[in-house]
Structure formats: structure tokens, C-alpha cells
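> Sequence and predicted structure below; questions after.
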2 protein chains.
Amino acid sequence: MSALRRTSRPVYQQIADELRDAISGDGIGPDGRLPTEAELVERYGVTRGTVRQALAVLVNEGLVVSDRPRGYFVRRRRHMTYRPQQELLVTDGAPAMDRFHRSVAEEGRTPSQTIDVSIVVPPREIATRLRLNAGETAAVRRRVRSIDGEPFNINDSYYPLSIVQGSEIVLPHDIARGANRVLAELGHRQVGLRHHLISRMPTPSERHRLQLSPGTPVTVHYLTGYTAEGIPVRAVENVLPGDRHEVLIEDGQVPPDNESST
Amino acid sequence: MSALRRTSRPVYQQIADELRDAISGDGIGPDGRLPTEAELVERYGVTRGTVRQALAVLVNEGLVVSDRPRGYFVRRRRHMTYRPQQELLVTDGAPAMDRFHRSVAEEGRTPSQTIDVSIVVPPREIATRLRLNAGETAAVRRRVRSIDGEPFNINDSYYPLSIVQGSEIVLPHDIARGANRVLAELGHRQVGLRHHLISRMPTPSERHRLQLSPGTPVTVHYLTGYTAEGIPVRAVENVLPGDRHEVLIEDGQVPPDNESST
DNA sequence: TAGTGGTCTAGACCACCAG
DNA sequence: TGGTGGTCTAGACCACTAA
């Protein structure tokens, strides 16, 4: 039993600190197992409640995950690179799903996606960006992309109904040549994009849809596509789990790199 | 006492759900106060431990903050727009601190910053981006920007020592014309930038330096500046609290917007 | 000084799943 | 079926601060 100083710092914080140090140091590696609650109770001479408080700290920091009834484990990060520029502007490049598909397959894993199309009154963030009036509807293509059957990110694309009504954008199928191309054919070619990125904790619904562990924030990527006339014709809400994504943006003249892309 | 169904869903989750609904609905507005723990104990007929479990859920979602001994309050978000493009490429625009200063002052608030310069072996993320060998040192300018005396973000800029040795970049003062300009004068003009953005929970050190409440993730923005020869001459680690920042990036031809900038 | 949330104890029963 | 973590009870003492 390693003695805990009776400083002002709460006991559960001291326990959390020692475990955190063991994780960032060489004590417990990625995917490594932490001591059981019972072991910690004995080691520190405290009750289970206190031990659980310490573990909750690490869980909420995203360092540790509890996999009942196996125990607590150190989380491993695995970042896929997300390139909003590639993904979005190129009307004549490969469409987004193709690139996702290819880059995942390159790693020997299996990509998939679900598509669901509907007509809705969009949330405020979207309505504002599309300059819709209160109550005005839009077409939305909701996608969940998965890798090896596990959800990876959420991609909801909204289009003003007046523009896409009757086109294949409102059909619940993948659009092989890309929705951007279809918009262009309808006379609404996008020439500019505005990206908004915010970081927050997921909503319960997002946590459920993306099967996020506690302590995992999301990056929400709002994208607005404008025509040459400055009219917004597309607004996307992309929800990217922080433990699976990094966003890469290049500006000006940069040397080539060697990362996988999504 | 409102009855709780005895479904499989844990009681503390049901309490958290009801409080969350009250917050997202019209029940409790921003800065509004939640019932006290004692009130919740009575209302739901459970012990304080269970009530505290429910409140912890909301705190870790970033929805609620405990301000002892006043009570629990609904958090308010206040986003400042961060524009990595403006901030960084323009060798001949206003330097970053100037823009931060101006946009904060425009809101009638008081900006400030601390600068601290030292020679260090940089962390892995930086060393890799600067293509330094193991153990090689770099000059770092560490800044904490504050608004009304409260820390707002962390901005640590690293430069290869071989390049900036003896220049004013290694002096602990603000550089009025901008560090980019100085680099250019030294013959290392940047013509390209690579931005990496990741979202994660803060480290204990970051939580302390930025005075973050529980449930607040950070966006970490890594920036690498390259010369025309493709040589990295600057690597920045920017830590942006998720409850205070949104990142804005524009690509191609977009209509003007009306936001404050940082 | 009264009331708030923060910490900690000592116990109980449960669901789940690898052995 | 044994051991894991998940949930919940019933209490205690404490530090802080607004009234």
C-alpha cells in the first residue's frame, strides 16, 4: 500500500495522478490494463467509491475506457486524416465517398455508409447558413460512414429545396459522380467554401450514433458552398469524433506529405 | 416528487435526462441556476450520491458548471472567431497580436498577453514538423493571450535555432512587425502553411493554464510554415478552448461575412 | 452563520461474460 | 460460476462564501 500524503489535494486526485503518470510514462502502454478497482482499494487503503472517483477522472479525460467486465484499459488513438479542401471544392475530382472508400480499403479495412434522405426544417446552424427563413424546408442527405461496421463519422448535407427539387439529390442512393457535380449541372456550380470548425462534447444522440466512449469530444465541421453569385447552395454538418480524426488544411505552396486521407 | 419509471435505464441517467431537457428547452436558460442537490434529493426521492451522479453527467457534457457554494449553473458559450489563414500567411498584413488586440478592444474588453522565450528540446509533434533530429533544440516563444485578465488561448511558436539564433525572435518582447516579417528578413520567407487540427480533452496542465471547466475540450492547432524550398521554418502549437473558439477558413470565392475575428 | 457543493466511508445488490 | 465494473443507499465531516 503506497502511502498518500495528507495534503490538501484530494485523495482521489492523487490516485488519478499516479495512474496518469503510469500511463504517460512507461508503466502502462496503449491497450494496457489498469489495476482492478479491488486492487486499487487495497493498494491505497481507501473505499471503492474513492477509487471509482479517481478512475472517473481518467475516463473523462479520454485516457481510459472501462470495458466491463474485463476491466479498465488505456485508450489508443487512431487518427484518420480528413481534408475538407479535397473533399469539397473539386467538382471534377473523385467524389467524397470514393476517396473515403479508397483510403480505407488501402489499409485493408472495410468501408461502408448508410444514406437517408428527407425533407426537413433544418436546425438553426444550417438554416442561417443557407439563409432560409424560419420554418423553410430543405432537403437533407444524412450519411453515417463506417469502418469495419463501426460508425466513423456523420455527414449531413442540406440543400435548399427550391434548387434540388426533383433531382437525384433527393433520392436515397449514392451519387456516383458526386452531389457537387449534380448541383453544377443544375446551374449552381460552387466556386467558394466557408469552413467553420468547433469543438465540443457530443450530444447524447451523437454519442449513441457514433458509439463514442466517455471523454471523447467531437469536432463539428460546418461547410457552406457558394456559387459565383455568392448564393449558398449547400450546407454540411460533419460530426468528427476527436479520437478518430485529424483535420488537415494546406495553404499556399507546401511540400508533399505522406499521410492517409479521408 | 416526480415518479421515476423503474425501467432498466439507471435512475441517475433519467434525472440527467430531465435536467438536460429543461436546459435545451425553455426550462432553464443560459446562466440559469439548477435546483440544489438537496432539492433534487427530495424531488426524486434518491440519495445525494445518485443526484451527484446525474449532475456529473451534465458537467462532463459541458452543459453545466458547479460554482461552489452558489450552486450549479447552465453554461454559456461565447465564441470568438479564429482565422488561421489571416493569422498566418500574410507577411505584410498586421501581425497576429495586433488583430487579436483590435478585435477584442472592439468589443469593449481588455486584451493582454504574456510572452516567455526559451531554448528547448521541443515535443515530438513539433520536432517532427520541424524535421529536427532527436535531442535537437529549438527556440520557442510561448504566449498566453487573455481577455479581461482571463486566459483565452495558448500559442507556442517554435523556430529552428540555427535560423533564429541572435535575432530578435529569441528576445522576450512582442515583435511589432510580426515574427513572420523577421523570418523573411532573415531570408526564410514562408510561402506555404500546413494546418493540423485535432480535438481532445485538455491535459491537467492545460486545464490549469487556461482555467478550463470540466467538460471543455480543446482544439489543438498545429501550424507548419514552409519556405519556397519546402523547408519548415516555423511550427506553432495553438491550444484553443472549445467553449471560446470557432475556427473559420475560407476557400475560393465567398461572399463577405460579418463576424469578429481573432 | 446558514447553506452550498466537495470528499470519503461502509456497505449492498446487480448484470455481464470469460473460464 | 467467479470476478468484473455499474448502481444505489445512508451517513459523516469539511471548505467556502454570501447574507
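Okay, I see it.
> So which bits of chain A are right by DNA strand C?
Counting by C-beta under 7 Å from any atom of the strand, chain A comes close to DNA strand C at A:10-13, A:45-50, A:53, A:68-70. Every residue, glycine included, has its C-beta placed from N, CA and C.
> if you set the cut-off to 10 Å instead, what comes out?
Applying C-beta under 10 Å from any atom of the strand, one finds that chain A approaches DNA strand C through A:4, A:6-16, A:37, A:41, A:44-54, A:57, A:67-70.
> Which ones among the residues you listed lie within helices?
Residues of these located in helices (DSSP state H): A:11-16, A:37, A:41, A:44, A:48-54, A:57.
> From those residues, list just the buried residues.
In those, burial by neighbour count holds for A:11-12, A:14-16, A:37, A:41, A:44, A:50-54, A:57, counting by 16 or more other C-beta atoms under 10 Å in any protein chain shown.
> just those residues now: which is nearest B:E136?
A:A16 (33.9 Å; C-beta to C-beta).
> Contact partners for that closest one?
A:A54, A:L55, A:V57, A:L58 (C-beta atoms under 8 Å, 6 or more residues apart in numbering or on different chains).
> Return the residues in contact with the first one.
Just to be clear, that refers to A:A54. So A:A54 contacts A:V11, A:Y12, A:Q13, A:I15, A:A16, A:L19, A:L40 (C-beta under 8 Å, 6+ apart).
> now with 10 Å?
Residues in contact with A:A54 (C-beta atoms under 10 Å, 6 or more residues apart in numbering or on different chains) are A:10-20, A:37, A:40, A:44, A:46.
> Neighbours of the residue of the stretch 1-150 of chain A found nearest DNA strand D, how many?
Nearest residue of the stretch 1-150 of chain A to DNA strand D: A:P69, at 3.0 Å (C-beta to the nearest atom of the strand). Using other C-beta atoms under 10 Å in any protein chain shown, A:P69 has 5 other residues around it.
> Contacts only, for it.
With C-beta under 10 Å, 6+ apart, A:P69 has no contacts at all.
> which residues does A:I249 bridge with?
B:H195 (DSSP bridges).
> Hmm, it is touching A:H195, no?
Yes: using C-beta atoms under 10 Å, A:I249 makes contact with A:H195 at a distance of 8.0 Å.
> Give me the more crowded residue out of the two.
Between A:I249 and A:H195, A:I249 has the larger neighbour count (other C-beta under 10 Å), namely 23 against 20.
> For A:I249 and A:H195, list the residues in contact with both.
A:P84, A:Q85, B:V247, B:I249, B:D251.
> So for the first one, what's the nearest residue that isn't a sequence neighbour?
Read it as A:P84. For A:P84, ignoring the flanking residues on the chain, the nearest one in space by C-beta to C-beta, 6 or more residues apart in numbering or on different chains is A:H195 at 5.5 Å.
> residues contacting that neighbour?
A:H195 neighbours (C-beta under 10 Å, 6+ apart): A:84-85, A:88, A:221-224, A:236, A:238, A:247, A:249, B:247-251.
> Against DNA strand D, how distant is it?
From A:H195 over to DNA strand D the distance is 37 Å, taken as C-beta to the nearest atom of the strand, to the nearest Å.
> circling back to that earlier point, dump the contacts of A:A16 to CSV, plus pLDDT and distance to A:D98.
Listed next are these as CSV, based on pLDDT from 0 to 100; distance: C-beta to C-beta, whole Å:
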residue, pLDDT, distance to A:D98
A:A54, 98, 47
A:L55, 98, 43
A:V57, 98, 43
A:L58, 98, 39
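> Return the closest of those with respect to chain B.
A:V57 (9.3 Å; C-beta to the nearest C-beta).
> hang on, isn't the closest one packed against A:Y72?
No: using C-beta under 10 Å, A:V57 is not in contact with A:Y72; the gap is 11.9 Å.
> and for these two, which residues touch both?
Contact with both A:V57 and A:Y72 is made by residues A:L19, A:L63, A:V64, according to C-beta under 10 Å, 6+ apart.
> Do a quick rundown of the strands in the stretch 1-150 of chain A.
Secondary structure of the stretch 1-150 of chain A (DSSP state E, counting those that start in this stretch): strands at A:64-67, A:71-74, A:80-82, A:111-120, A:138-147, A:150-160.
> Out of these, which one sits most buried?
Among the strands of the stretch 1-150 of chain A, ranked by average contacts under mean count of other C-beta atoms under 10 Å in any protein chain shown, first place goes to strand A:150-160 (a mean of 22).
> Might you list the low-confidence residue ranges for chain A?
For chain A, the stretches with pLDDT under 70 are A:1-7, A:86-94, A:96-97, A:258-262.
> Quickly list the domain ranges of it.
With domains defined by automatic domain parsing, chain A comprises A:11-74, A:80-247.
> ok so, going back, closest to chain B out of the shared contacts of A:V57 and A:Y72?
Ranked by distance to chain B (C-beta to the nearest C-beta), the shared contacts of A:V57 and A:Y72 are led by A:L63 at 8.2 Å.
> Isn't that closest one up against A:A56?
No: using C-beta under 10 Å, A:L63 is not in contact with A:A56, being 11.4 Å away.
> hey, what's in contact with both of those two?
By C-beta under 10 Å, 6+ apart, A:L63 and A:A56 have these common neighbours: A:A16, A:G215.
> Could you report the neighbour count for the nearest residue to A:R76 once chain neighbours are set aside?
In this structure, A:R76 finds its nearest non-sequential neighbour in A:P30, 4.3 Å apart by C-beta to C-beta, 6+ apart. Using other C-beta under 10 Å, A:P30 has 11 other residues around it.
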